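*Asks:* below is the sequence, then the predicted model.
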Amino acid sequence: MNEYEQLVKAALTGGADRAVLLDADQVVVDDRVRLKCRVPICKNYNHCLMCPPNTLTVDEFRGLLAQYSRALLLQLKAKGKSEADIIETELQVQNLISDLETKALMEGNYLVAGFGAAHCRLCPECVGVYSGERCRHPFRARPSMEAVGIDIFKTSQNGGIPVNILDPENLYFAGLLLLC
């Protein structure tokens, strides 16, 4: 089993319901995804350190993505539809991506980069951009896939694990690791 397959196994063991490897060029980037952070404006826009405009731009991300060969896409199914269930799932994705990123790093993939679901949930309230404070969790916080323009739906479809946004009974949240 190669190191990437071991990461898939670790993702599933760590709580992911689905995890697949795909070529990095199957990660779909679209400027319109980031537009959804501003239209309608998200409450975290320019308030969360891991949200736009405080993250990589879509063009910066595209340039970096081209330097990676593989990606690990994972999905966790929300345990319910309540806001608490959704927050818990987003936090689980955030923590799992951070843990997998550390595992990949320790196995020699030192340029691994992780992206979470929705906005960062590590703190009940981000210190934000106006306080001048630094992130309280700099080694665990990750920008979301959406913040850098990743089209989660098309990327998931490319990985063979599509998401149906119209099916509230099967609500999944995704995370992504870029691998060299």
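*Replies:* Okay, I see it. Numbering: from 1, shown residues only.
*Asks:* centroid residue for the protein?
*Replies:* By CA atoms, centre = their mean, the chain has its centre lying nearest to residue 116, at 2.3 Å.
*Asks:* quick one, what contacts that one?
*Replies:* 50, 90, 93, 94, 97, 142, 143, 144, 145, 175 (CB atoms under 8 Å, 6 or more residues apart in numbering). C-betas here are computed from N, CA, C, even on glycine.
*Asks:* any chance of CSV for the residues you listed, columns neighbour count, pLDDT and secondary structure?
*Replies:* As requested, the contacts of residue 116 are exported to CSV (neighbours: other CB atoms under 10 Å; pLDDT from 0 to 100; DSSP: H, G, I helix; E, B strand; the rest coil):
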residue, neighbour count, pLDDT, secondary structure
50, 22, 93, coil
90, 21, 93, helix
93, 29, 96, helix
94, 27, 94, helix
97, 27, 97, helix
142, 26, 94, coil
143, 23, 95, coil
144, 28, 93, strand
145, 27, 96, coil
175, 30, 97, strand
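*Asks:* got phi/psi on the residue nearest to residue 17 when sequence neighbours are not counted?
*Replies:* The shortest distance from residue 17 to any non-neighbouring residue, by CB to CB, 6 or more residues apart in numbering, is to residue 77 (4.7 Å). Per-residue torsions, residue 77: phi -90, psi 130 (degrees, to the nearest 10).
*Asks:* tell me the bridge partners for residue 77.
*Replies:* Beta bridges link residue 77 to residue 172 when assigned by DSSP bridges.
*Asks:* count of residues packed around it?
*Replies:* For residue 77, the tally of surrounding residues (other CB atoms under 10 Å) stands at 13.
*Asks:* and for residue 73?
*Replies:* Counted by other CB under 10 Å, the residues lying close to residue 73 total 27.
*Asks:* what's the strand or helix carrying residue 12 in contact with?
*Replies:* Per DSSP states H and E, residue 12 falls inside helix 3-13. For helix 3-13, the external contacting residues (CB under 8 Å, 6+ apart) are 1, 19-21, 70, 72, 74, 96, 100, 103-104, 107-109, 177, 179.
*Asks:* distance from the helix or strand just after that helix to the middle of the chain?
*Replies:* From helix 3-13 onward toward the C-terminus, using DSSP H and E, the following helix or strand is strand 18-23. Relative to its parent chain, strand 18-23 has a centroid offset of 13 Å by CA atoms, centre = their mean, to the nearest Å.
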